[in-house]
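Trainee: Predicted model, plus sequence, below.
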Amino acid sequence: MSDMSDIHDAGDRGNSAIKAESLPKSFGKKQALTNLTFSLKTSGITGLVGRNGAGKTTLLKLAAGLISKSSGTLEVWNENPMDNLDVLTRLVYSHPQLSYNQLLRLDDILGDYHTMFPGFDSAFARKLLDYFDLGSRRRYSQLSQGMKATFNFVAGLATRAPLTMFDEPTLGMDVTTRKAVYEILLREYSEHPRAIIISSHLMSELEGVLTDVLLIDAGNLILHDSIENLRQSAYLLEGEEAALDAYCRGRNVIYRKQGETGSRAVIHEPYTEESVQHARSQGLKLLAVRPEDLCIYLTRKDKEGELECLW
């Protein structure tokens, strides 16, 4: 099985938007985060990925200075974010529970953003409202869940904050809106590079816009690497059990299943031409593992053998 201590860190510790060292967080007896150590670069789109309840929101709230750390070190722009106005004006944290005065019109809310964030681009925000047919004179209380999520995305992106954090930004959006959001995000990043974090429990839609992935599970850091490295960091083998067993000996196997018509295994190591040739020489079929699937394999709670008890 995989060695969870083998963690890849894509961040540049000398030039970081966020740096954590031995960072835990607990709420009473519940351990939300366990001694996280990582560094996020000042420019890039990082996917903060993990199952529901993995600790993603807790980490973002810590970085946003909304909750205090239990111990360890957490720095945003090399400073403690808690009660630090200089840091807080350089970051924005957009999340599904954002609440506004229900009587306010969208235009009024954008005005508040303009006051709070020095780099807020009002013209860009209004263009996005028009693009998504939100209407600046509409009251926030009149919006559906998906429309509120879209507005929150618009307001957060238009801040152009050096650290822009989105917590599950597409909840409630339809497929067409989600696709537009990702296209706008990628274009905006190319025009105005900065540190952007998007938390999600799914990677299928995010993969095309990410530069890096930070995967956590049950409060533990599982991996932190560039999306390009992840595309070449694991592969799937299929074939006869004896040949598969011989190939897997001494390798980092993170998934194994024996079937009636053949067996399969997932190897967490670089996908190279040498590995392809070796697999073929053993009569095995080799396929690359997508970053999304790798994250699933690394955090899966293997219950396939327990399914039969449900019927």
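Mentor: That came through fine.
Trainee: name the helices or strands packed onto the longest helix along the chain?
Mentor: For the chain, the helix that runs over the most residues, judged by DSSP state H, is helix 175-191. Helices and strands touching helix 175-191, by 3 or more CB pairs under 8 Å, 6 or more residues apart in numbering; DSSP states H and E, are strand 44-49, helix 145-158, strand 195-200. From N, CA and C alone the C-beta is placed, and that goes for glycine too.
Trainee: Out of those, which gets nearest to residue 177?
Mentor: helix 145-158 (6.0 Å; CB to CB).
Trainee: got the CA positions of the helix or strand bottoming out on mean pLDDT in the chain in PDB?
Mentor: Here the helix or strand of the chain ranked lowest by mean pLDDT, DSSP states H and E is helix 273-281, holding a mean of 89. Output of helix 273-281 as PDB, limited to C-alpha atoms (Å, rounded to 0.1, in the frame of the first residue of the first chain):
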ATOM      1  CA  GLU A 273       8.700   4.300 -21.400                       C
ATOM      2  CA  GLU A 274      10.800   1.800 -19.400                       C
ATOM      3  CA  SER A 275       7.700   0.800 -17.300                       C
ATOM      4  CA  VAL A 276       5.600   0.500 -20.400                       C
ATOM      5  CA  GLN A 277       8.100  -1.900 -22.100                       C
ATOM      6  CA  HIS A 278       8.600  -3.900 -18.900                       C
ATOM      7  CA  ALA A 279       4.800  -4.300 -18.500                       C
ATOM      8  CA  ARG A 280       4.400  -5.400 -22.100                       C
ATOM      9  CA  SER A 281       7.200  -7.900 -21.800                       C
END
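Trainee: can you give me the helices for the chain?
Mentor: In the chain, the helices defined using DSSP H lie at 56-63, 85-88, 106-116, 122-131, 145-158, 175-191, 227-231, 241-248, 273-281, 291-299.
Trainee: in the fourth one, what's buried?
Mentor: Applying a neighbour-count criterion of 16 or more other CB atoms under 10 Å, the buried positions in helix 122-131 are 124-126, 128-129.
Trainee: And the fifth one, by the same measure?
Mentor: By 16+ other CB under 10 Å, the buried positions in helix 145-158 come out as 147-158.
Trainee: Show me which of these is closest to residue 189.
Mentor: Once CB to CB is applied, the member of these that ends up nearest residue 189 is residue 157, at 9.5 Å.
Trainee: Tell me the spacing between the closest one and residue 290.
Mentor: Using CB to CB, to the nearest Å, residue 157 is found at 27 Å from residue 290.
Trainee: next one: residue 33
Mentor: Taking CB to CB, one finds residue 33 at 27 Å from residue 290.
Trainee: of those two, who's got more company?
Mentor: Neighbours were counted for residue 33 and for residue 290 using other CB atoms under 10 Å; residue 33 has more, 24 against 16.
Trainee: ok, the more buried one to residue 105 distance?
Mentor: 38 Å.
Trainee: same check, this time on residue 295
Mentor: In terms of CB to CB, residue 295 sits 40 Å off from residue 105.
Trainee: out of those two, which sits in the more crowded spot?
Mentor: residue 295 (24 against 17).
Trainee: Contacts only, for residue 247.
Mentor: By CB atoms under 8 Å, 6 or more residues apart in numbering, the contact set of residue 247 is 237, 265, 278-279, 282, 284.
Trainee: can you rerun that using 7 Å?
Mentor: Applying CB atoms under 7 Å, 6 or more residues apart in numbering, we find residue 247 in contact with 237, 279, 282, 284.
Trainee: Surely the last one is in contact with residue 239?
Mentor: The one in question is residue 284. Yes: because the distance of 3.9 Å satisfies CB atoms under 7 Å, residue 284 is recorded as touching residue 239.
Trainee: ok, the two, which is more surrounded?
Mentor: residue 284 (23 against 18).
Trainee: Dump the helices of the chain to a markdown table, plus distance to residue 43.
Mentor: Putting the helices of the chain into a markdown table (distance: least, CB to CB, whole Å) gives the following:
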| stretch | distance to residue 43 |
| --- | --- |
| helix 56-63 | 16 |
| helix 85-88 | 18 |
| helix 106-116 | 23 |
| helix 122-131 | 19 |
| helix 145-158 | 16 |
| helix 175-191 | 9 |
| helix 227-231 | 14 |
| helix 241-248 | 39 |
| helix 273-281 | 32 |
| helix 291-299 | 20 |
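Trainee: domains in this protein, as residue ranges please.
Mentor: Taking automatic domain parsing as the reference, the chain has its domains at 16-227, 232-303.
Trainee: Report the rounded mean pLDDT for the first one.
Mentor: The pLDDT scores in domain 16-227 average 94.
Trainee: next one: that domain to chain centre, how far?
Mentor: 10 Å (CA atoms, centre = their mean, to the nearest Å).
Trainee: now do the same end-to-end measure for that domain.
Mentor: Terminal residues of domain 16-227 are spaced 18 Å apart (CA to CA, to the nearest Å).
Trainee: Just the buried residues of the longest helix of the chain, please?
Mentor: With burial defined by 16+ other CB under 10 Å, the residues of helix 175-191 counted as buried are 177-178, 180-182, 184-185, 188-189.
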